[in-house]
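Chemist: Pasting a predicted model and its sequence here:
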Amino acid sequence: MEVKVMRDVLGENDKIAESIHDKLAAHGIFVMNLLGSPGSGKTTLLERTLEKLAKEMKIAVIEGDLFTSKDADRIAKHGAEVIQVNTSGGCHLEAPMIEKALSDIDWQSMDMLVIENVGNLVCPAEFALGEQAKVTVLSITEGNDKPMKYPLIFKESSLAILNKVDLLPYTDFSVEEAVEDITTIHPGASVLSVSARTGEGLDAWLDWLRAQVKKAKEAAR
């Protein structure tokens, strides 16, 4: 049974998300919704990404967290314009929050906008934020059973990143099973193995981002 209140909330959210998507897409800006559990390594991956790409393109970041500005403070050190959005206990970002944050960003000059969502594998998957792609980061320390336990977020993501692969020798994580489950849930998804700490696999991730930025610019012409 679908609850009408939830349907109305999602419907209103989707209208605002569509407006954000269309506005930024018209300017050739690639928008990514970065998802994952607390501790999956989203912020560290983003830091490494900015270290490599900040000189190539202009990147803005909207940081979502329940409380504090700790992640935004980390990101600000790497040359990106960053806005902190605190949900005060809410488990996900919503499109109106992004719409409000954009008013404080010089977004028209950006090549890419990264929205780092609240750490959660459940409700963030349901709320569109105007992105062109969702990317889910899964730490190998979480176990390879997570895609089947939380299928919606992987179904909605065009790319899944298996992070912290430098720790594989110390876990029972099966990359093969994780890839099989993710591509079963979303046959068109790509999967990359990365260590944000050591840099392993980062080149493939950076190339994927460059390709998305290029595609967004070409689509806007």
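Modeler: Yep, that arrived.
Chemist: Flag every buried residue along the longest helix belonging to the chain.
Modeler: Once the chain is assigned using DSSP state H, the helix that runs over the most residues is helix 4-26. Of the residues in helix 4-26, those buried by neighbour count under the rule 16 or more other CB atoms under 10 Å are 10, 13, 16, 17, 20, 21, 24, 25. Quick note: C-beta positions are derived from backbone N, CA and C, even for glycine.
Chemist: Touching, the second one and residue 94? I think so.
Modeler: This points to residue 13. Yes: counting by CB atoms under 8 Å, a contact exists between residue 13 and residue 94, whose distance comes to 5.4 Å.
Chemist: what about residue 187, which SS state?
Modeler: Local secondary structure at residue 187 is given as coil here, using DSSP: H, G, I helix; E, B strand; the rest coil.
Chemist: What confidence value was assigned to the residue nearest the centre of the chain?
Modeler: If you average the C-alpha coordinates of the chain and look for the closest C-alpha using CA atoms, centre = their mean, you land on residue 34, 0.9 Å from that point. According to the model's per-residue confidence, residue 34 sits at a pLDDT of 98.
Chemist: neighbours of the closest residue to it other than its chain neighbours, just the number please.
Modeler: For residue 34, ignoring the flanking residues on the chain, the nearest one in space by CB to CB, 6 or more residues apart in numbering is residue 116 at 4.8 Å. Here the number of neighbours of residue 116 (other CB atoms under 10 Å) works out to 26.
Chemist: is it true that residue 116 touches residue 63?
Modeler: Yes: under the criterion of CB under 8 Å, residue 116 makes contact with residue 63 at 5.2 Å.
Chemist: Check the contact lists of these two and give me the overlap.
Modeler: Common neighbours of residue 116 and residue 63 (criterion: CB atoms under 8 Å, 6 or more residues apart in numbering): 71, 75.
Chemist: so which strand or helix has the closest residue to residue 63 other than its chain neighbours?
Modeler: Spatial nearest neighbour of residue 63, excluding adjacent residues (CB to CB, 6+ apart): residue 72 at 4.2 Å. For residue 72, the enclosing helix or strand under DSSP states H and E is helix 70-76.
Chemist: I'd like to know which elements that helix is packed against.
Modeler: On a contact count with 3 or more CB pairs under 8 Å, 6 or more residues apart in numbering; DSSP states H and E, helix 70-76 meets helix 42-53, strand 59-65, strand 81-86.
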